[in-house]
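Novice: Quick one, what's the 3D model for this:
(one chain, ligands or ions: 1)
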Amino acid sequence: MKLRSIELAVPDPVAAAGFLTDIWGLAPAGERAGTHYLRGSGPDPYLVALEPSDSEWVRSTSFVCSEAELAAIRAAISRAGWPARTVRSDDPGGGHGLLVELPDGTILRFLAGAADVAPIDGFARPSRRVRPVRLTHVVFNATDAEMMADAVENVLAFRVSDRTRGMVFVRCNERHHSTAFARSGLTSLNHVAFEMDDLDAVMRGIGWMRDNGFTPAWGPGRHGPGDNVYAYFIAPFGPVIEYSTAVETLAPDHRVGGPDDWTWPEHRIDQWGVSDKDLAALRCAEERFRCRRDWLPEPLA
Ligand SMILES: [Fe+2]
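Specialist: Reported below is the predicted structural model:
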């Protein structure tokens, strides 16, 4: 199973898509009924969908899986008494699957039979050389992060990889985390992280963002849990977005870390300690995108 895409609603998808292609480095992946799709260089048909709406909200976060994994999820949510909603995707790549509403209202979509596309090789403008490959994680704010982690472990067979004072990191494959739940006191989208080829690509991305007037809200730096390099920005259409690379691949005998495993010298919150964090601006952006559930179909009886 892997994380594939996030489906967002925004008041001006054309402007948001323009930023994500012209500056952030994604490539257009088509438009369907006013929804703009953006892809990376990897095989996923799209990473971000932007549909028009009066307000900004999150429709879903999508994972792709095998038919067997989908059947196991379906059986597990039935055992747990969670509502089951089937879905057939009209997005690029298609596929069929389940909409899963987590206990705090966060909506995940699991798709089997979704098609990949040919990767993009090289750059139309060699001077740019900034293109995310794929999504590497989507993090949610949670009013009860431990409860959410328990829910996805027990029902969706995700695994907790690490805990810090601020977050519970959760994986759906051998990569350290594909999601995390932040101990935030509210339920919303915390941030969306795009994987870059390597450290050089992250730094080129930061440079290109700076050329266009965007400075990092946090980064560059290297996290403790996951060991990944990061640079966080606040997108002009609202959400916190991240260039990331080199997330840790876990061995089968990985020991779950706890807050005491991730302590730093005073005033430090990452391995490098070279960047300040604009906490107030990030917090404001992290509160903007909530999951909406009024579009969900009726659950199966
Ligand atoms: Fe992140």
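Novice: Show me where the stretch 151-300 of the chain has its helices.
Specialist: Assignment of helices within the stretch 151-300 of the chain using DSSP state H, counting those that start in this stretch yields the ranges 199-211, 279-286.
Novice: can you tell which of those helices is closest to the ion?
Specialist: The closest of the helices of the stretch 151-300 of the chain to the ion is helix 279-286. By CB to the ion, the value is 11.2 Å. Every residue, glycine included, has its C-beta placed from N, CA and C.
Novice: Can you tell me which of the helices of the stretch 151-300 of the chain is most buried?
Specialist: Mean neighbour counts were compared across those using mean count of other CB atoms under 10 Å; the top stretch is helix 199-211, at a mean of 17.
Novice: Show me where this protein dips below the pLDDT cut-off.
Specialist: For the chain, the stretches with pLDDT under 70 are 124-127, 301.
Novice: of all the residues in the protein, which ones are close to the ion?
Specialist: When proximity is defined as CB under 5 Å from the ion, the chain approaches the ion at 193, 242.
Novice: And the residue of the chain closest to the ion?
Specialist: Per CB to the ion, the residue of the chain with the smallest distance to the ion is Ala193, at 4.2 Å.
Novice: Contacts only, for that residue.
Specialist: By CB atoms under 8 Å, 6 or more residues apart in numbering, the contact set of Ala193 is 135-139, 230, 241-244.
Novice: Mind doing that once more with 10 Å?
Specialist: Applying CB atoms under 10 Å, 6 or more residues apart in numbering to Ala193 gives the contacts 3, 132, 135-139, 177-178, 180, 226, 228, 230, 232, 240-245, 247.
Novice: coming back round to it: nearest to Val155, out of the helices of the stretch 151-300 of the chain?
Specialist: Ranking the helices of the stretch 151-300 of the chain by their distance to Val155 (criterion: CB to CB) puts helix 279-286 first, at 25.4 Å.
Novice: ok now that closest one, how far from the chain's centre?
Specialist: Taking the mean C-alpha point of helix 279-286 and that of its whole chain, the gap between them comes to 17 Å (CA atoms, centre = their mean, to the nearest Å).
Novice: which other helices and strands contact that helix?
Specialist: For helix 279-286, the elements it packs on are strand 134-142, strand 188-195, strand 218-222, strand 229-234, strand 240-245, judged by 3 or more CB pairs under 10 Å, 6 or more residues apart in numbering; DSSP states H and E.
Novice: Buried residues in the fourth one, which are they?
Specialist: Looking back up the chat, that one is strand 229-234. Judged by neighbour count (16 or more other CB atoms under 10 Å), strand 229-234 contains these buried residues: 229-234.
Novice: My guess is Ala285 contacts Trp218. True?
Specialist: No. In this structure Ala285 lies outside contact range of Trp218 using CB atoms under 10 Å: 11.2 Å.
Novice: any shared contact partners between those two?
Specialist: Counting by CB under 10 Å, 6+ apart, the shared contacts of Ala285 and Trp218 are 191, 232-234, 240, 278.
Novice: circling back: quick one: which of the buried residues of strand 229-234 is nearest to Arg159?
Specialist: Distances from those to Arg159 were compared by CB to CB; the smallest belongs to Tyr230, at 21.8 Å.
Novice: The closest one reaches Ser275, doesn't it?
Specialist: Yes. Using CB under 10 Å, Tyr230 and Ser275 qualify as a contacting pair, with a distance of 9.3 Å.
Novice: and Thr164, how far is that from Arg183?
Specialist: 9 Å (CB to CB, to the nearest Å).
Novice: cool, Leu296 as well?
Specialist: 26 Å.
Novice: what does Pro92 give?
Specialist: Relative to Arg183, Pro92 is positioned 35 Å away (CB to CB).
Novice: same check, this time on Leu108
Specialist: The gap separating Leu108 from Arg183 is 20 Å, by CB to CB.
Novice: So between the two, which is more surrounded?
Specialist: Looking at Leu108 and Arg183 with other CB atoms under 10 Å, you find the greater number of neighbours at Leu108, namely 22 against 17.
Novice: re the thing from before, tell me the residues that contact both of Tyr230 and Ser275, please.
Specialist: Here Tyr230 and Ser275 have 216, 218-221 as joint contacts, going by CB under 10 Å, 6+ apart.
Novice: List the contacts of the residue lying closest to Glu51 once chain neighbours are set aside.
Specialist: If you skip the residues right next to it in sequence, Glu51 has Thr35 as its closest partner in space, 4.2 Å away by CB to CB, 6 or more residues apart in numbering. Contacts for Thr35 were tallied using CB under 10 Å, 6+ apart; they are 7-9, 13, 17, 46, 49-52, 59, 90-92.
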